[in-house]
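Sequence first, then the predicted structure:
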Amino acid sequence: MPSLFDPLRIGGLELPNRIVMAPLTRARSCCDAVPTAIMATYYAQRASAGLIISEATGISREGLGWPDAPGLWSDAQVEGWKPVTYAVHEAGGRIVAQLWHMGRLVHPSLGGGQPVSASATLAPDFAHTYQGKKPYTLAREASHDDIERIVGDYAAAAKNAVAAGFDGVQLHGANGYLIDQFLRDGANFRTDEYGGSIDNRLRFASEVIEATGDAIGMDKVGIRFSPNILSQGVEDSDPIPLFAALAERLEQLKVPWIELREAHRPTSAGSMPTAPVSPAMRPLYSGAIILNSDYDGPSARARMAEGVADAIAFGRPFISNPDLIHRIAVGAPLSPGDEATYYAGSANGYTDYPALEEAAAA
Ligand SMILES: Cc1cc2nc3c(=O)[nH]c(=O)nc-3n(C[C@H](O)[C@H](O)[C@H](O)COP(=O)(O)O)c2cc1C
């Protein structure tokens, strides 16, 4: 079995180790979703990761509903990302952009109009807005014209990602956002060719993948799912057949890698995971499978030894341990993060977590 410190080829990328930085929204962009200079420092500090998956990044105004999150639909955003990708590459790293359409989870006050989803549904709980949390508003069912436009927006954002210096993209198919809203029978009640059967519910994701692959080359495209948890009101009555069919589709489309946020304990939002889907996906899919959620060094090593995962993605540990790779290698303790600063918008709790040597010297 490969270890966390063996290299891994995914598509056109050669990862020097199998410890991946999971996508983490940090809300440090500004002024119409343009990345800021401090983001270059933050990502470069974490460049020893085998691969960095960027924070979720909006493909369009309509699709972005998180205050101060970045986008990839305007020239200013592309220019804003260039120093970030440059800094990561200069530090010896690799970075892909996570492409995001939040669907029904976008509040109209962010400027995108009535939110769009697979079906006319209302998400539970509260939306993030510049005026604090507000109840979600009813989404409208995406028309065929909407679907065509949104698929085009994914392809355009992928091209912009490459223009901004990213090594590829990861499509955000997890956590109850638009792709997930189409996939699951808990949010997709359509009666046309995009709803109903598993095959129909896979259609939107498949079209997005194909268009993105056509735009930048399928060797640069990955996708993320959260198959076994209820996320932001989105779940499936029978995840294993859905994700087995998805594995077959991803194999046909030659998608080189997937990342699964496959929980094995209740999430911080209190969602109880159902059975893992990765064992059913593994024999049907020959690309790399990256597993995420709640790992530390020892549990990541143990998971790799089971033979399903090709790599392990870490989220929260990367926030507070910029040198996570080194700490796992030497078995050093991990520093805890401060949830209060996750989205707080300054250097505090962002670029000021020390690496081991800096901590020892202080
Ligand atoms: C502050 C924060 C921001 C997150 N942002 C994203 C995101 O932008 N995209 C995404 O797919 N998941 C996001 N997640 C989920 C993480 O990628 C990851 O799946 C989760 O934290 C579980 O992994 P961990 O136990 O290693 O932290 C976020 C999680 C946290 C804590």
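Looks like it arrived, so ask away.

List the contacts of the residue in the chain that the ligand sits nearest to.
Going by C-beta to the nearest ligand atom, the ligand is nearest to Gly315 of the chain, at 2.9 Å. In short, each C-beta sits where N, CA and C put it, glycine included. By C-beta atoms under 8 Å, 6 or more residues apart in numbering, the residues touching Gly315 are Met21, Ala22, Pro23, Leu24, Asn292, Ser293.

If we use 10 Å, what do you get?
Gly315 sits next to Val20, Met21, Ala22, Pro23, Leu24, Ile53, Arg261, Asn292, Ser293, Asp294, Tyr295, Gly337 when contact means C-beta atoms under 10 Å, 6 or more residues apart in numbering.

From those residues, pick out the ones that also neighbour the ligand.
Ala22, Pro23, Leu24, Arg261, Asn292, Ser293, Asp294, Tyr295 (C-beta under 6 Å from any ligand atom).

what's downstream of the longest strand seen in the chain, the next helix or strand?
With DSSP state E applied, the strand covering the greatest number of residues in the chain is identified as strand 51-58. Sequence order places helix 75-90 as the next helix or strand after strand 51-58, per DSSP states H and E.

Any buried residues in that following helix, and which?
Neighbour counts over helix 75-90 (16 or more other C-beta atoms under 10 Å) mark Gln77, Val78, Gly80, Trp81, Pro83, Val84, Thr85, Ala87, Val88 as buried.

likewise stretch 157-172?
Along stretch 157-172, these residues count as buried under the neighbour rule (16+ other C-beta under 10 Å): 157-162, 164-172.

Does the ligand have contacts with that stretch?
Yes: on the criterion C-beta under 6 Å from any ligand atom, stretch 157-172 is in touch with the ligand at His172.

do stretch 105-113 as well
No: between stretch 105-113 and the ligand, judged by C-beta under 6 Å from any ligand atom, nothing touches; the nearest distance is 12.1 Å.

can you tell me the average pLDDT over that stretch?
Computed over stretch 105-113, the mean pLDDT rounds to 94.

Show the end-to-end separation of that stretch, please.
By C-alpha to C-alpha, to the nearest Å, the extent of stretch 105-113 from end to end equals 12 Å.

ok, now stretch 123-138?
Start-to-end span of stretch 123-138 (C-alpha to C-alpha) is 8 Å.

Quick check: buried residues in that stretch?
By neighbour count on 16+ other C-beta under 10 Å, the buried set for stretch 123-138 is Ala123, Ala127, His128, Thr129, Tyr136, Thr137.

do the same with stretch 90-107
Neighbour counts using 16+ other C-beta under 10 Å place 93-107 of stretch 90-107 among the buried residues.

how far out from the middle of the chain is it?
Averaging C-alpha positions (C-alpha atoms, centre = their mean, to the nearest Å) puts stretch 90-107 6 Å from its chain's average.

same deal with stretch 213-225?
13 Å.
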